[in-house]
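[1] predicted structure and sequence below. I'll ask about it afterward.
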Amino acid sequence: MNILHCDLDAFYASVEQRDHPELVGKPVIVGGLPGSRGVVSTCSYEAREYGVCSAMPAKQAYRLCPQAVFLPPDIPKYIRVSQDVFAILHRYSPVLEALSIDEAFLDVSGCHRLFGSSAQIAKMIKNDVLQETGLLISVGIAANKFLAKLATNLSKPNGLMELGNDEIAEILPSLPVSEIWGIGSKTAHRLNKAGIYTIADLLEFPRSKLETILGSNTDFYIQLCSGKDSRPVLSRSDRKSIGNEITFPVDLADQKEIEQLLLELSCQVAYRVRHASLIAHTVTIKMRTPDFQTFTRSQTLQQGVDADLTIYDIALNMYHQSGLAGKHLRLLGLSCSKLLERNLEQPALFADENDILDKIIDDMKDKFGSAAIKRGSLLNKKGRNM
DNA sequence: TCTGGGGTCCTAGGACCC
DNA sequence: TCTGGGGTCCTAGGACCC
C-alpha cells in the first residue's frame, strides 16, 4: 500500500471560493460564461447538486443552475497554487508524478521510517494542504496507481481511503467499465453494446472477442480489472508539445481575419516555446468546421524554429494548402512539437532582424505582461486583445 | 443540446532506405 | 517482369484525460 493518489477537490472553484469568501456555500462554475461557446472547467459541489458537471456546455449549465456564479478561469493563479501544493507533496516523497494541475501520484515506499504509515502520510498531506493553502485534497492509498486513483474517486470530496485486498474484492466487480482509467465514452459505449457493463462482465467475456474492442490494450485492461497494475510512479519527462487554440464566438470564414488570428496564435506559441528555451521541429495547425469535424495539417522541418514570423509563414502556408481556406471555421489552433532544448541545436550563424525583434518583444512581455505589447500588424482598428 | 483548452498517446498508411 | 522484409519517419485522425 505504497502508492498515494492526491487530487484537489473542485480545484478551480475551490480556489475562487477561498479567495472570495462571499462565494462559499454557493454554486460556483469556473469556465465558459453562459452566453459563450465555452464549457464548464470545474464547478463547486453546490453546483453539482443541480446536475452541473465538468465539460458540460456553459449554456446547459446556465439552464440547470441560472443562479450560479459563473467565473472565467484564472489559470496563472491556479498554477501558482498548484506549485504550492506540489511542494507540500514533495516533502513526503521525491517520487512524484504530476498528472495534471490538480492531481499527482506519490510513491511512499521507503518513506515510512521518516513519516509513518501510508495512512499517516496521507493525513499529514491533507492537513498541510489545508493549513497552508486553505484547500481540501482527497487522497487514495493502494498497492498500485489504478487502485489508488480509484480510491480517490470513490472517497471524494475531502476523501481518504485505503483500498486493501478485501475492499478490492468487494468493490471492483460491480464497478462500471467507464470507471477504468483509459476507458472513455467511445470505448465504454462499444463495450456496453457487447453486453459488458461492469468489470465482472469484462473479466467473464471471451478474450478473443474482447480484443476486437480493446485491440492491443486488451491484456492491460484485463490486468487492471483484476486489480493489477505494474506501472511505476515516474516523474514526468519533458513536455512533448506547446500549443494554443481558440473557438470563435461565431463561425468565421473571412480569410484575412483568420490569417490575423493565425498570426496571433503563432506569436503566442512561439513566445512560449522561446520562454521554455526550446526549439520546435514540427508545426501543426488545427481547424474545426461548424459540423464539428476536426482537421490537422503538420509540417516537420530539418531546422528547428522559434521565431514568430517563421512559424506564422509555415502555418499560413498549411492553411492555404489545407482545402479549408475560405470555408467557415469554428476553431483554429496551432501547436509546436518535436521540441528540443535550444542550446543543443546548432545556432544559426547570424541572428536575423526577426530574432532581434522577437527578443525585444519577449523582454517587454516578461516585464509588463503579454497584453502590454504585440506586433503592429496584430492591432486592428478595434484594438482587439487576445 | 451543443459541444473549451491544455495536453498525451496510439494507429494506420505511405515514403523511403537498406 | 515482378517485386521481400524490416525499420524509421512523417502525416492525419482519433481516443482519452483533467
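    Sure thing, it's come through. Given the structure is predicted, the values throughout are model-derived calculations rather than measurements.

[2] please report how far the most centrally placed residue in chain A lies from residue A:7.
    The centre of chain A sits closest to residue A:100, judged by CA atoms, centre = their mean, with a distance of 5.8 Å. Residue A:100 sits 9 Å away from residue A:7, going by CB to CB, to the nearest Å. From N, CA and C alone the C-beta is placed, and that goes for glycine too.

[3] what sits up against the helix-or-strand element of chain A with minimal mean pLDDT?
    When each helix and strand of chain A is scored by mean pLDDT, DSSP states H and E, helix A:353-368 comes last, with a mean of 81. Helix A:353-368 has contacts (CB atoms under 8 Å, 6 or more residues apart in numbering) with A:270-271, A:274-275, A:306-310, A:348, A:372-375.

[4] equivalent analysis for stretch A:28-41, please.
    The contact list for stretch A:28-41, computed with CB under 8 Å, 6+ apart, reads A:12-13, A:16-17, A:42-44, A:46-47, A:52-59, A:61-62, A:65, A:68-73, A:247-249, A:330.

[5] count of neighbours near the residue in the stretch 101-250 of chain A that DNA strand C sits nearest to?
    Per CB to the nearest atom of the strand, the residue of the stretch 101-250 of chain A with the smallest distance to DNA strand C is residue A:184, at 2.2 Å. Per other CB atoms under 10 Å, the neighbour tally for residue A:184 reads 10.

[6] and if you look at residue A:281?
    Residue A:281 has 17 nearby residues by other CB under 10 Å.

[7] how about it, secondary structure?
    strand (DSSP: H, G, I helix; E, B strand; the rest coil).

[8] run through the residues that contact it.
    Contacts for residue A:281 were tallied using CB under 8 Å, 6+ apart; they are A:300, A:301, A:302, A:304, A:305, A:337, A:338, A:339, A:340.

[9] gap between the first one and residue A:266?
    So the one you mean is residue A:300. 17 Å.

[10] can you check the last one too?
    In this structure, residue A:340 lies at 19 Å from residue A:266, with CB to CB as the measure.

[11] more crowded one of those two?
    Remark: of residue A:340 and residue A:266, residue A:266 carries more neighbours, 26 against 13, as counted by other CB under 10 Å.

[12] residues contacting the more buried one?
    A:308, A:309, A:311, A:312, A:315, A:334.

[13] for stretch A:232-250, buried residues please.
    The neighbour-count check on stretch A:232-250 (16 or more other CB atoms under 10 Å) flags A:233, A:242, A:243, A:244, A:247, A:248 as buried.

[14] how many neighbouring residues does residue A:35 have?
    Neighbours around residue A:35, by other CB under 10 Å: 11.

[15] can you give me phi and psi for it?
    Main-chain torsions, residue A:35, degrees, to the nearest 10: phi -80, psi 0.

[16] up against DNA strand C, what does the stretch 51-200 of chain A have?
    A:54-55, A:99-103, A:149, A:180-188 (CB under 7 Å from any atom of the strand).

[17] what sits up against stretch A:45-64?
    Everything outside stretch A:45-64 that qualifies as a contact, by CB under 8 Å, 6+ apart, is A:9-10, A:13, A:25-29, A:31-43, A:65, A:68, A:70, A:157.

[18] these in helices, which ones?
    Among the contacts of stretch A:45-64, the ones falling in helices (DSSP state H) are residue A:13.

[19] just the contacts of stretch A:45-64: which are in strands?
    A:28, A:29, A:31, A:40, A:41, A:42, A:43, A:70 (DSSP state E).

[20] closest to residue A:116 among the residues you listed?
    Residue A:116 lies nearest to residue A:42 out of these, by CB to CB, at 32.2 Å.

[21] just give the number of residues close to the closest one.
    Neighbour count of residue A:42, defined by other CB under 10 Å: 24.

[22] what pairs with it across the strands?
    residue A:30 (DSSP bridges).

[23] what separates the residue of the stretch 101-250 of chain A closest to DNA strand C from DNA strand B, distance-wise?
    Distance, residue A:184 to DNA strand B, by CB to the nearest atom of the strand, to the nearest Å: 10 Å.
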